[in-house]
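# how would this look folded up:
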Amino acid sequence: MTVWALSDSHFRHAMVAEKRGFESRDAHDEHIIASVNRLVKPDDILWHMGDVGLGKDEEILEYAARLNGRKQLITGNHDRSWPGDRDSRKVQKRWLEVFESVQAFARTRFSGVPVLLSHFPYHGDHTVNERHTQYRLRDEGAWLLHGHTHSSDKGGKDHMIHVGLDAWGLKPVSEGEIASMIAKAS
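Sure, this is the predicted structure:
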């Protein structure tokens with residue numbers, strides 16, 4: 001069993017599909033699913049650091065359900081199950097039909113290395129102003145795996161590793177790759 005991480009799949013999101021060079025959101029979504037499923041086996045753990053998709057929950061969750069792995073969700077600001085959404089409690093049960101867990105952040109280990117998981121980085125954004133700062137974890141020196149920024153930069157400094165698909169060639173990153181990055185930075 002391997003542990004994997006990714007963020008920002010953005011299923012059904014036409015603007016993201018276009019920015020990633022796809023002619024349609026269908027082509028984008030099918031590419032993401034195929035890319036993930038080439039690497040992730042059904043019994044692997046897949047941590048998804050949020051922004052699963054944009055639009056109706058039923059449609060987004062149909063695509064998410066097609067991803068291999070035992071899926072764990074760290075919610076992002078585009079997910080209706082994110083606690084920053086005032087109606088998140090109303091959809092929580094439906095999201096738990098696809099994901100084994102749905103939470104705002106988590107603490108775990110990747111290849112024995114303790115890490116925090118959050119959609120949001122300690123600092124930084126893909127806009128001029130940092131948004132959602134009240135929902136960000138405080139940097140107290142722990143390594144953080146995050147998404148949100150849509151940067152091609154994988155990080156590895158400031159105790160942050162960006163696991164967003166945009167940084168990893170639209171594929172998930174393995175626990176071994178993450179542990180290697182942490183070891184090089186330490």
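
# Only C-alpha atoms from now on, for both contacts and neighbour counts.
Fine.

# quick one, helices of the chain?
14-19, 25-39, 57-65, 88-95, 175-185 (DSSP state H).

# Kindly reformat those helices as TSV containing distance to residue 130, mean neighbour count and mean pLDDT.
Converted to TSV, the helices of the chain look like this (distance: least, CA to CA, whole Å; neighbours: other CA atoms under 10 Å; pLDDT from 0 to 100):
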stretch	distance to residue 130	mean neighbour count	mean pLDDT
helix 14-19	19	16	97
helix 25-39	27	17	98
helix 57-65	26	16	98
helix 88-95	23	14	96
helix 175-185	25	15	94
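
# okay, these in a markdown table with distance to residue 167 next?
Converted to a markdown table, the helices of the chain look like this (distance: least, CA to CA, whole Å):
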| stretch | distance to residue 167 |
| --- | --- |
| helix 14-19 | 14 |
| helix 25-39 | 14 |
| helix 57-65 | 20 |
| helix 88-95 | 26 |
| helix 175-185 | 13 |
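
# which residues of this structure score low on pLDDT?
The chain contains residues with pLDDT under 70 at 124-128, 131-132.

# Now do the strands in it.
In the chain, strands defined by DSSP state E lie at 3-6, 45-48, 70-74, 101-103, 105-110, 113-118, 143-146, 155-157, 160-162, 173-174, listed in chain order.

# How far away from the center of its chain is the first one?
In terms of CA atoms, centre = their mean, to the nearest Å, the centre of strand 3-6 is found 8 Å from the chain centre.
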